[in-house]
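Participant: model the following, please.
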Amino acid sequence: MVRGAEDGRAPKAVAAADGRRYLTGLIGNGILASRSPWLHEQEAAAQGVRLLYCLYDLAERGLGADDLPRLLEAGRLLSFAGFNVTHPYKQAIIPHLDALSDNARRIGAVNSVQFSDGRAIGHNTDSLGFGESLARGLPGAALGTIVQIGTGGAGAATAYALLAAGVRRLVLHDQDPLRAAGLAERLRPMFGGDDRVEIGTDLATSLAAADGIVNATPVGMVGHPGLPLPEASLRPEMWVADIVYFPLETALLRAARAKGCRTLDGSGMVVFQAAAAFDIFTGLEADGERMLAGFRQTLGGDPAC
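Facilitator: Modelled structure (predicted):
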């Protein structure tokens, strides 16, 4: 049974005996090139503590969602501070947790699991990461009608962040209409009912009225080439955000810039969600600016998820 938990940052994460060593990791599929270990370990080193961040690619190990309870139990036994969780387990992990933060419960997705006093507590830092990235990367962006493509675990977080930022009309599109409908049903009671959250039925029609676009699908990342929308629908007065950051320069962002649109890449979201997760795992306040600067310096080519 999932119960409530206090929202916000943890005062102290479970760590090894000296309290200054932290064992953390990432659970997901296709994550072996992830930059998350670098982000967390470099920030820990800058703060003078030791942190080991391990990758658990379940697909590579022949594992899946049914193995999540065993992974959580192993985390408890090995005194992990916590795990990050990525595609495709951000929603599948919820039934196996002891509690959820308010943020995770509202969004319906978990990307960080904190172990505290033997309990596994789910948090969502994706929404914080996207909200921070949007505010910094697109100051003054029009928030009238925003079209979001994709309503999975990451899309639930970006939709929540958009509405919290003041978007007046959010139009959701997804290949799975039932998934989009489920997200809309969760969000409407929190953000003013049907007037602010709609389910789009025709993408071209929605885009014709859009002030901004958010791609919350994997389309554009390595292994998923292409555009999530018709290039002809882009207009210079729009802004375009992509949560993909492998590659950082997606086909969508290239096309949008060519049309004169303001754009936002996925680096800010991934860094600021990591900074918030670092806080939860260690009880130490991460320096998001330092993490972002270091992340961008190390890209060289293309980062991984």
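Participant: can you give me the strands for the stretch 201-305 of the chain?
Facilitator: Per DSSP state E, counting those that start in this stretch, the stretch 201-305 of the chain carries strands over the ranges 212-215, 239-242, 262-264.
Participant: list the buried residues in the last one.
Facilitator: Residues 262-264 are the ones in strand 262-264 that count as buried (16 or more other Cβ atoms under 10 Å). Where you see a C-beta, it was placed from the backbone N, CA and C, and this is true even at glycine.
Participant: show me where pLDDT drops low in the protein?
Facilitator: Applying pLDDT under 70 to the chain flags the ranges 1-19, 300-305.
Participant: check which helices and strands the helix ranked longest in it sits against.
Facilitator: Counting by DSSP state H, the longest helix found in the chain is helix 267-282. For helix 267-282, the packing partners by 3 or more Cβ pairs under 8 Å, 6 or more residues apart in numbering; DSSP states H and E come out as strand 21-28, helix 36-46, strand 82-85, strand 112-116, helix 126-137, helix 288-299.
Participant: format those as a markdown table; extra columns: mean neighbour count and distance to Gly193.
Facilitator: Below are the helices and strands packed on helix 267-282 laid out as a markdown table (neighbours: other Cβ atoms under 10 Å; distance: least, Cβ to Cβ, whole Å):
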| stretch | mean neighbour count | distance to Gly193 |
| --- | --- | --- |
| strand 21-28 | 23 | 34 |
| helix 36-46 | 19 | 37 |
| strand 82-85 | 29 | 31 |
| strand 112-116 | 25 | 30 |
| helix 126-137 | 23 | 20 |
| helix 288-299 | 16 | 34 |
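Participant: just send the ones you listed back as a markdown table, with distance to Val271 too.
Facilitator: Converted to a markdown table, those look like this (distance: least, Cβ to Cβ, whole Å):
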| stretch | distance to Val271 |
| --- | --- |
| strand 21-28 | 15 |
| helix 36-46 | 7 |
| strand 82-85 | 13 |
| strand 112-116 | 14 |
| helix 126-137 | 7 |
| helix 288-299 | 5 |
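Participant: quick one, which of those is nearest to Leu68?
Facilitator: Within the helices and strands packed on helix 267-282, the stretch nearest Leu68 is strand 21-28; the backing value is 7.5 Å (Cβ to Cβ).
Participant: give me the contact list for that closest one.
Facilitator: 13, 15-16, 34, 36-37, 40, 44, 49-58, 68, 71, 78-89, 93, 281-282, 305 (Cβ atoms under 8 Å, 6 or more residues apart in numbering).
Participant: filter the residues you listed to the buried ones?
Facilitator: Listed as buried from these are 13, 15, 34, 36-37, 40, 44, 49, 51-53, 55-58, 68, 71, 80-86, 88-89, 93, 281-282, 305; burial here means 16+ other Cβ under 10 Å.
Participant: which one of the helices and strands packed on helix 267-282 lies nearest to Gln273?
Facilitator: Per Cβ to Cβ, nearest to Gln273 of the helices and strands packed on helix 267-282: helix 126-137, 3.0 Å.
Participant: compute the inter-axis angle for that closest one and helix 267-282.
Facilitator: Interaxial angle, helix 126-137 versus helix 267-282 (axes from the mean of the first three to the mean of the last three Cα atoms, to 10 degrees): 130 degrees.
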